[in-house]
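Asks: need the 3D shape of this:
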Amino acid sequence: MSDPVRCTWANPANPRYIAYHDEEWGVPCHDERQLFEMLNLEGAQAGLSWETILNKRDTYRAAFDGWDPAIIAAYGPDKVAELLANPGIVRNRLKVAAAITNAQAYLRLREEGLTLDGYLWAWVDGKPIRNHIATPADRAAKTALSDGISKDLAKRGFKFVGSTIVYAYLQGIGIVNDHDAACFRHAECSKLTEGRP
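Replies: Predicted coordinates:
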């Protein structure tokens, strides 16, 4: 039996990448911890490949206390030094600092009575955007939606949330379904349209 048709970007030589494409990318996510994790991982990816970050994902979870915002928000100089010495993550001082800043911004969001889930999905009235990607050139790098969310997140104190990063984030968490039209996951993810505003 032949392999199903997948998006052209999915590296068939990396089982972790294939699992991410087949099981996670484009699937509507409403899990707070995962939404926070993915926001930070997309920021960590800036200037690098997503595959690089995906390969380090487990190490990131361990290094950043399971992406618990309350713990991360309280990180001090000793923890930062420990992270910058960890070869299992991207040892970039600005990106490590951004994760701490983002945790603090996330806690402020919660103090306002908002969840990341409710905040993000409200931008699309709880319904994922389904695009028709016939060729890689059809896939946008950013949109008016990612521009708006990017500006608002930055205003709320989040870091590494430029529009291109935010658009990749929206794809990853299923707010946007950008699977190739020929990819077997496009139709499957299109069925998962039940969001919660």
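Asks: could you pull up the residues touching Cys189?
Replies: Gly26, Val27, Pro28, Pro128, Gly174, Asn177, His179 (C-beta atoms under 8 Å, 6 or more residues apart in numbering). Any C-beta I mention is one placed from the backbone N, CA and C, and that applies to glycine too.
Asks: element containing it?
Replies: helix 184-190 (DSSP states H and E).
Asks: tell me the buried residues in that helix?
Replies: Arg185, His186, Cys189 (16 or more other C-beta atoms under 10 Å).
Asks: how far away from the center of its chain is that helix?
Replies: Relative to its chain's centre, helix 184-190 lies at 19 Å (C-alpha atoms, centre = their mean, to the nearest Å).
Asks: same question, stretch 27-41
Replies: On C-alpha atoms, centre = their mean, the centre of stretch 27-41 falls 6 Å from that of its chain.
Asks: quick one: Thr59 from Ala137, how far?
Replies: 34 Å (C-beta to C-beta, to the nearest Å).
Asks: more neighbours: which of those two?
Replies: It is Thr59, of Thr59 and Ala137, that has more neighbours when counted by other C-beta atoms under 10 Å, with 13 against 7.
Asks: who's in contact with the more buried one?
Replies: Taking C-beta under 8 Å, 6+ apart as the test, what Thr59 contacts is Asn86, Gly88, Ile89.
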